[in-house]
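**Q** Sharing a model that was predicted from the sequence below.
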Amino acid sequence: MSLTVLIVDDEETFRKNTETYLASKGYEVIGVGSLAEAKEHLQKGKADLILLDVQLPDGYGPNLLYETTGMVYRPPIILVTAYGDIEMAVDAMRNGAHDFLTKPIQYSQLEKSIERAGEIVTMRRELLHWRQIQKTCDFVIGKSPRMQTMIAQAQKAATASVSVLITGETGTGKEVLAKFIHQSSPRSNKPFIAINCAAIQPTMLEAELFGFEAGAFTGADRRKHGLMEVADGGILFLDEISSMPMDIQAKLLRALEERAFRRVGGTTLIKVDVQLIAASNRDLKTMIRDGHFREDLYYRLKVVDLHLPPLRERREDIPELVGFFIRLNNARLGFNVRDITSRALEALMSYRWPGNIRELSNSIERAMLFCNGEVIDLADLPDLE
């Protein structure tokens with residue numbers, strides 16, 4: 001984890017020596033000699049942790065504890081002084097100091113204190129990142145242990161930018177999960193490009209994926225950039241990859257391994273940085289055995305293998321999903337539905353949901369459409385047989 005330590009101390013020798021030591025341990029270090037300079041860096045959000053002297057030319061160092069109380073994420077503050085006493089230490093800790101060290105400082109003790117503070121910073125960053133994801137992602141995690149485990153794996157795959165294979169029945173939310181990975185990753189500000197391999201004619205899939213040069217075939221009157229090129233820096237999502245012809249599979253595998261490809265009819269090698277996510281509702285291992293899917297591509301794709309369970313195997317998530325779809329449709333369609341009766345929810349919990357989450361989403365939208373009041377009742381639901 002990259003951590004920036006702000007050293008606030010007017011003793012230049014101490015400040016410089018400590019800067020050198022912490023920099024050798026991999027920390028980013030900023031050194032200042034006054035409270036005024038420290039406040040400037042805090043306002044700019046440049047400090048993850050503060051190493052603060054007590055006696056400074058322009059004021060009493062611990063006053064910074066009081067002045068930063070209102071910050072949402074106040075950096076952990078470690079007080080360092082040659083004038084320390086027990087009363088000062090107790091008062092500083094009571095007012096939010098992370099730790100209290102006395103000069104001459106033991107660097108091994110300082111490093112341990114910074115490491116403990118770093119754990120706090122890491123947790124805050126993860127919490128903030130998670131809240132941002134939840135604000136932008138139309139995705140319900142669910143309380144079922146299988147989903148919790150899968151989401152943890154998805155987040156690790158997002159951070160590492162490795163290839164991901166998502167499997168599951170139709171309607172389980174494979175593309176939604178792929179978008180969740182995109183929004184959870186360092187590539188979230190880069191393109192998310194989705195291709196449904198089953199919806200494109202096999203003869204056109206190569207051109208869609210890799211693009212083509214002018215004159216490459218009849219009707220190719222100008223150069224066209226492929227979607228792999230468009231996705232450079234971001235994520236390329238190949239839905240229903242089981243529909244991809246074997247010859248295109250071979251070209252995709254080579255492009256993944258070389259991180260480069262040539263347009264149809266072209267000779268120039270185009271380098272790209274793309275994280276690939278593939279999805280399938282078919283058993284790819286069976287297809288490999290039957291000679292319809294390349295084994296080497298399969299293992300290249302499934303660096304991380306995520307299986308979305310069908311809704312009938314995660315019924316405990318149905319109430320949360322229902323609440324999510326009610327809120328979503330209220331905002332999207334202008335409905336004013338606030339709840340669902342217990343008997344209606346019981347009926348939803350008892351149904352097997354062959355269409356999975358997609359079917360549940362459509363059922364809630366229909367129920368809200370025919371609901372005469374603010375509460376969905378059994379009569380508003382479609383026939384669940």
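**A** Perfect, thanks for sending it. In this text the structure is predicted, and so the values were computed from the model without any measurement.
**Q** Which residue ranges of the stretch 201-350 of the chain form strands?
**A** 211-212, 224-225, 235-239, 260-261, 270-271, 275-280, 304-307, 339-340 (DSSP state E, counting those that start in this stretch).
**Q** Those strands: which one's closest to residue 200?
**A** strand 235-239 (10.5 Å; CB to CB). No exception for glycine: its C-beta is placed from N, CA and C like everyone else's.
**Q** Paired strands for that closest one, with orientation please.
**A** Paired neighbours of strand 235-239 in the sheet (DSSP bridges): strand 192-196 (parallel), strand 275-280 (parallel).
**Q** List the buried residues in the first one.
**A** Taking 16 or more other CB atoms under 10 Å as the basis for neighbour counts, the residues of strand 192-196 that come out buried are 192, 193, 194, 195.
**Q** same check, this time on stretch 158-171
**A** Under 16+ other CB under 10 Å, the buried positions of stretch 158-171 are 158, 161, 163, 164, 165, 166, 167, 168, 169, 171.
**Q** for stretch 2-9, same thing?
**A** Quick answer for stretch 2-9 (16+ other CB under 10 Å): 3, 4, 5, 6, 7, 8, 9.
**Q** would JSON lines of the residues you listed with secondary structure, pLDDT and distance to residue 258 be doable?
**A** Shown next, in JSON lines, are the buried residues of stretch 2-9 (DSSP: H, G, I helix; E, B strand; the rest coil; pLDDT from 0 to 100; distance: CB to CB, whole Å):
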{"residue": "3", "secondary structure": "coil", "pLDDT": "85", "distance to residue 258": "36"}
{"residue": "4", "secondary structure": "strand", "pLDDT": "91", "distance to residue 258": "37"}
{"residue": "5", "secondary structure": "strand", "pLDDT": "93", "distance to residue 258": "41"}
{"residue": "6", "secondary structure": "strand", "pLDDT": "93", "distance to residue 258": "44"}
{"residue": "7", "secondary structure": "strand", "pLDDT": "94", "distance to residue 258": "46"}
{"residue": "8", "secondary structure": "strand", "pLDDT": "93", "distance to residue 258": "50"}
{"residue": "9", "secondary structure": "coil", "pLDDT": "93", "distance to residue 258": "52"}
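**Q** so which of those comes closest to residue 150?
**A** Closest to residue 150, out of all of those and judged by CB to CB, is residue 3, at 30.2 Å.
**Q** Low-confidence regions, the stretch 1-150 of the chain specifically.
**A** 1, 70, 72-73, 83-86, 123-141 (pLDDT under 70).
**Q** where do the strands sit along it?
**A** Using DSSP E, counting those that start in this stretch, the strands of the stretch 1-150 of the chain run over 4-8, 28-32, 49-53, 55-56, 59-60, 77-81, 99-102.
**Q** quick one, which of those strands is nearest to residue 216?
**A** strand 28-32 (49.5 Å).
**Q** buried stuff in the closest one?
**A** Quick answer for strand 28-32 (16+ other CB under 10 Å): 29, 30, 31, 32.
**Q** do stretch 169-188 as well
**A** Here stretch 169-188 shows 169, 171-174, 176-185, 187-188 as buried, counting by 16+ other CB under 10 Å.
**Q** give me the beta-bridge partners of the nearest residue to residue 263 once chain neighbours are set aside?
**A** Nearest non-adjacent residue to residue 263, counting by CB to CB, 6 or more residues apart in numbering: residue 211, 4.4 Å away. Beta-bridge pairing for residue 211 (DSSP bridges): residue 225.
**Q** check contacts around residue 211.
**A** Taking CB atoms under 8 Å, 6 or more residues apart in numbering, we find residue 211 in contact with 223, 224, 225, 226, 227, 228, 229, 263, 264.
**Q** ok so, going back, quick one: the buried residues of stretch 158-171 as JSON lines, columns for distance to residue 97 and secondary structure too.
**A** Compiled in JSON lines, these are given as follows (distance: CB to CB, whole Å; DSSP: H, G, I helix; E, B strand; the rest coil):
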{"residue": "158", "distance to residue 97": "35", "secondary structure": "helix"}
{"residue": "161", "distance to residue 97": "38", "secondary structure": "coil"}
{"residue": "163", "distance to residue 97": "46", "secondary structure": "coil"}
{"residue": "164", "distance to residue 97": "43", "secondary structure": "strand"}
{"residue": "165", "distance to residue 97": "48", "secondary structure": "strand"}
{"residue": "166", "distance to residue 97": "46", "secondary structure": "strand"}
{"residue": "167", "distance to residue 97": "50", "secondary structure": "strand"}
{"residue": "168", "distance to residue 97": "50", "secondary structure": "coil"}
{"residue": "169", "distance to residue 97": "54", "secondary structure": "coil"}
{"residue": "171", "distance to residue 97": "53", "secondary structure": "coil"}
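**Q** of those residues, closest to residue 338?
**A** residue 171 (26.5 Å).
**Q** Who are the contact partners of the closest one?
**A** Here residue 171 is in contact with 355, 356, 357, 358, 359 (CB under 8 Å, 6+ apart).
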